[in-house]
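Engineer: sharing a sequence plus its predicted fold:
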Amino acid sequence: RKEVEQDPGPFNVPEGATVAFNCTYSNSASQSFFWYRQDCRKEPKLLMSVYSSGNEDGRFTAQLNRASQYISLLIRDSKLSDSATYLCVVNLSNYQLIWGAGTKLIIKP
Amino acid sequence: EPEVTQTPSHQVTQMGQEVILRCVPISNHLYFYWYRQILGQKVEFLVSFYNNEISEKSEIFDDQFSVERPDGSNFTLKIRSTKLEDSAMYFCASSWGLDQVDTQYFGPGTRLTVL
């Protein structure tokens, strides 16, 4: 079983729609969780950390379900600029980030 | 805004040659990392570095790889004898600490092509 698993997509979504991604992780000892965004041939950039209580940053909402070992990301009122690959990342130890393969999102006008 | 920088942006080398990839982490950061991403695949952890020594390394980081902080600003990744399968994007990252709030900031990457 993959350590961090994501639906690769692509998700083709009209501008203004709401889209949600899920991610599952295998190691119950995972300590912290993140969503990164990666544009084509660019470096990953932190979108948001994911806290147990759930957290929101503008149009973005992240949720963590430790019992089921999954993380979600919701994007409301999607913009063309949201088109990217969204990477689910789990901090297994203090030093090491474990990455999902990413979910590709394409926002269409 | 401070940023991580990496040089060169693209390195082409012959199989068997040594390469050194360079990174300048954010100046007050204490933890440094190398990751790689083979084209079309996921980001993979290579190594983390703190207090002038390796903190953790992955299975990928074998004897062909080494890291060094030769001075107060640079952080380098050396591949001693490159193989075709080393072709990838190599990202350097740095963070101030280890807590969740201590974001790892990534450099723009070095694309390594081994011929």
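Structural biologist: Alright, I've got the coordinates.
Engineer: close to chain A: what parts of chain B are there?
Structural biologist: Proximity of chain B to chain A (C-beta under 8 Å from any C-beta of the partner chain) is limited to residues B:31, B:33, B:35, B:41-45, B:48, B:50, B:55-56, B:58, B:89, B:91, B:98, B:100-101, B:103-109. Bear in mind the C-beta positions are built from the backbone N, C-alpha and C, glycine included.
Engineer: restricted to buried residues, select those in ChimeraX.
Structural biologist: What follows is the ChimeraX syntax selecting those of the residues of chain B next to chain A that are buried according to 16 or more other C-beta atoms under 10 Å in any protein chain shown:
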select /B:31,33,35,42,43,44,45,48,50,55,56,58,89,91,98,103,104,105,106,107,108,109
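Engineer: quick check: closest non-adjacent residue to the residue nearest to the spatial centre of chain B.
Structural biologist: Among the residues of chain B, residue B:34 comes closest to the average C-alpha position under C-alpha atoms, centre = their mean, at 3.0 Å. Excluding the flanking residues, the one nearest residue B:34 by C-beta to C-beta, 6 or more residues apart in numbering or on different chains is residue B:46, at 4.3 Å.
Engineer: alpha carbons of the helix or strand hosting the one you found, as CSV, please.
Structural biologist: Secondary-structure assignment from DSSP states H and E places residue B:46 in strand B:43-50. This file holds the C-alpha atoms of strand B:43-50, laid out as CSV (Å, rounded to 0.1, in the frame of the first residue of the first chain):
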residue,chain,number,x,y,z
VAL,B,43,8.6,14.2,-4.8
GLU,B,44,10.9,12.0,-2.9
PHE,B,45,12.9,12.8,0.3
LEU,B,46,16.6,12.3,0.1
VAL,B,47,18.2,13.8,3.2
SER,B,48,17.9,16.2,6.0
PHE,B,49,20.8,18.1,7.6
TYR,B,50,21.1,19.9,10.9
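Engineer: so which residues on chain A come close to chain B?
Structural biologist: Counting by C-beta under 8 Å from any C-beta, the residues of chain A lying close to chain B are A:31-32, A:41-46, A:49, A:51, A:87, A:91, A:93-102.
Engineer: so where's chain A uncertain?
Structural biologist: Counting by pLDDT under 70, chain A contains low-confidence ranges at A:1-2, A:93-94.
Engineer: tell me who's in contact with residue 70.
Structural biologist: No chain specified, so I'll use chain A. Residues touching residue A:70, when contacts are defined by C-beta atoms under 8 Å, 6 or more residues apart in numbering or on different chains, comprise A:22, A:23, A:24, A:25, A:64.
Engineer: meant chain B, my bad for not saying
Structural biologist: Contacts of residue B:70 were listed using C-beta under 8 Å, 6+ apart, and they are residue B:76.
Engineer: fine by me, thanks again.
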